[in-house]
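# Following is a predicted model, sequence given first.
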Amino acid sequence: MSQLHLHLLSDSTGETLEVVAKACLAQFDGVDVLRHFWPMVRSEGHLDRVLDDVERRPGLVLYTLVNSNIRRELERQCRRRGIHAVSALDPVIDALSAVLGQQAKARPGRQHALDAAYFARVDAIQFSIAHDDGLGVENWEEADIVLAGVSRTSKTPTSIYLANRGYKVANIPLVPESPPPPSLFGLKHPLIVGLTAGTDRLIQIRRNRLLSLNQAAETDYVDLDAVNAELAFARRIFADSGWPVIDVTRRSIEETAFAIVKLCEQREYSQT
């Protein structure tokens, strides 16, 4: 397995760099990536300290820096040291500048301005946390999306992922011994989506979860017949309710969230 020291330099929080790096690294297998985050780099003195560490642990430098002097110094120092440095946003900004006929505004962290959309995301995250795992039944009508499924079908991480994109999400486990409240089936505003998974995959995930918690690895939670019964119970609810269902067996959280967003868009289009 090859190893890469990835240095992420930003004049803001570095969130954009982290997302870009994660998306690009997903295209490569067998790489041990050691990430080094360098946020709020806004002076040449700070840059010098960062470059000393980069020289000790050379690899790839990925950066978002709008100050032209600091950018030039970073590029000059990296060339002198034989280190590859790439600006993550330049190609997109250059293309937008050409199409829009405008010069980009060199403002550090401008993409994270505290606008209405930012506060909407904060509200969505708070709502989704407060309505995780069947909590807050009385407020489900305020949700944009409700996710329902048996245990370990990625309801919580998918909820948080969607919340980061401004969707208020509630989620509820489907348990044969504790059927969902009748109010779930009377909701008008939220899009309700069922999440399911293959039996073998579900048992594997659950067994790993038990091992991580140092709990007994052989219980009804991972028993084949018991898991099949849970899934059958969920399928009956999905069929009776007519909710759209997504099989997450071979989907990442991002792929599941994207499919749910598409369902939201289709629903909005059909209602217009």
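Looks like it came in fine.
# Once you drop chain neighbours, what's closest to the residue most central in space within the chain?
Among the residues of the chain, residue 161 comes closest to the average C-alpha position under C-alpha atoms, centre = their mean, at 4.3 Å. Excluding its sequence neighbours, the residue lying closest to residue 161 (C-beta to C-beta, 6 or more residues apart in numbering) is residue 257, at 4.7 Å. Bear in mind the C-beta positions are built from the backbone N, C-alpha and C, glycine included.
# Extract the C-alpha set from the helix or strand where residue 75 lies and format it as PDB.
Applying DSSP states H and E as the criterion places residue 75 in helix 68-81. C-alpha atoms of helix 68-81 as PDB (Å, rounded to 0.1, in the frame of the first residue of the first chain):
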ATOM      1  CA  SER A  68      -1.900  36.800  -4.200                       C
ATOM      2  CA  ASN A  69       1.300  37.400  -2.300                       C
ATOM      3  CA  ILE A  70       0.800  34.300  -0.100                       C
ATOM      4  CA  ARG A  71      -0.200  32.200  -3.100                       C
ATOM      5  CA  ARG A  72       3.000  33.200  -5.000                       C
ATOM      6  CA  GLU A  73       5.200  32.500  -2.000                       C
ATOM      7  CA  LEU A  74       3.600  29.100  -1.500                       C
ATOM      8  CA  GLU A  75       4.100  28.200  -5.200                       C
ATOM      9  CA  ARG A  76       7.600  29.500  -5.200                       C
ATOM     10  CA  GLN A  77       8.600  27.600  -2.100                       C
ATOM     11  CA  CYS A  78       7.000  24.400  -3.300                       C
ATOM     12  CA  ARG A  79       8.800  24.600  -6.600                       C
ATOM     13  CA  ARG A  80      12.100  25.200  -4.800                       C
ATOM     14  CA  ARG A  81      11.500  22.200  -2.600                       C
END
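# ok, now which ones touch the residue nearest to the centre of the chain?
Counting by C-beta atoms under 8 Å, 6 or more residues apart in numbering, residue 161 makes contact with 253-254, 257.
# All set, thanks.
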